[in-house]
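Asks: following is a predicted model, sequence given first.
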Amino acid sequence: MIKKIYQGKLIKVNKSSNADLRLDKYKKPLNEVINRDSKDFGNYIVVKYWISDEKLPESELDEKFMDAYYNIEKNDNVLYFEISEYPWEDKGCRHDLIGELSNYIGKYCTLEIEFLKEPQKRDK
């Protein structure tokens with residue numbers, strides 16, 4: 001398993017297409033960035049992401065996750081979402097991650113993605 005963090009302000013180059021959604025620190029659309037990494041590190045992904053008004057320090061991500069997990073409300077305007085394991089393909093995953101993120105244009109996004117070579121084994 002490889003874990004990567006992507007951060008930046010969500011922007012759209014082409015207003016009509018979610019395929020052009022990107023983080024301001026990357027030249028390529030987010031879909032392409034994740035696609036490239038999935039080919040290198042594994043095409044099963046587990047995604048955690050935070051939407052905020054300003055950049056979140058990586059050192060605070062665990063704290064923000066625990067706040068959301070235990071439903072602790074704070075006045076920091078941070079939204080947290082988690083997407084369970086999905087296979088990533090050339091155009092994305094069957095969960096519309098890019099479509100969801102396009103609802104937050106202009107906000108700061110922190111994506112933490114775990115790349116897995118194969119699905120996690122589940123206890124039955």
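Replies: Structure received. Numbering: from 1, shown residues only.

Asks: pull the longest strand from this structure.
Replies: In the chain, with assignment by DSSP state E, the single longest strand is strand 2-12.

Asks: now it: buried residues?
Replies: By 16 or more other Cβ atoms under 10 Å, the buried positions in strand 2-12 come out as 6-10, 12. Every residue, glycine included, has its C-beta placed from N, CA and C.

Asks: next: stretch 18-26.
Replies: 18-23.

Asks: over to stretch 38-51?
Replies: 38, 41-51.

Asks: narrow those to those in helices?
Replies: Using DSSP state H, the subset of the buried residues of stretch 38-51 located in helices is 38, 41.

Asks: ok, of the buried residues of stretch 38-51, which one's closest to residue 61?
Replies: Proximity of those to residue 61 (Cβ to Cβ) peaks at residue 50, which lies at 7.0 Å.

Asks: just checking, that closest one touches residue 76?
Replies: No - if you go by Cβ atoms under 8 Å, residue 50 and residue 76 don't touch, sitting 10.2 Å apart.

Asks: and the angle from the helix or strand bottoming out on mean pLDDT in the chain to strand 2-12?
Replies: Least confident helix or strand of the chain, by mean pLDDT, DSSP states H and E, is helix 61-69 with a mean of 78. Here helix 61-69 runs at an angle of 70 degrees relative to strand 2-12 (axes from the mean of the first three to the mean of the last three Cα atoms, to 10 degrees).

Asks: show me what helix 61-69 is packed up against.
Replies: Contacts defined by 3 or more Cβ pairs under 8 Å, 6 or more residues apart in numbering; DSSP states H and E place helix 61-69 against strand 44-52, strand 79-87.

Asks: closest one to residue 62 among those?
Replies: Set against residue 62 and scored by Cβ to Cβ, those come closest in strand 44-52, at 10.2 Å.

Asks: who touches that closest one?
Replies: Residues from elsewhere that reach strand 44-52 (Cβ atoms under 8 Å, 6 or more residues apart in numbering): 34, 38, 56, 61, 64-65, 76-88, 93, 97, 101, 104, 107-120.

Asks: stretch 26-43 now?
Replies: Here stretch 26-43 has contacts from 1-2, 4, 6, 8, 13, 19-23, 45, 87-92, 98, 101, 113, 115-118, using Cβ under 8 Å, 6+ apart.
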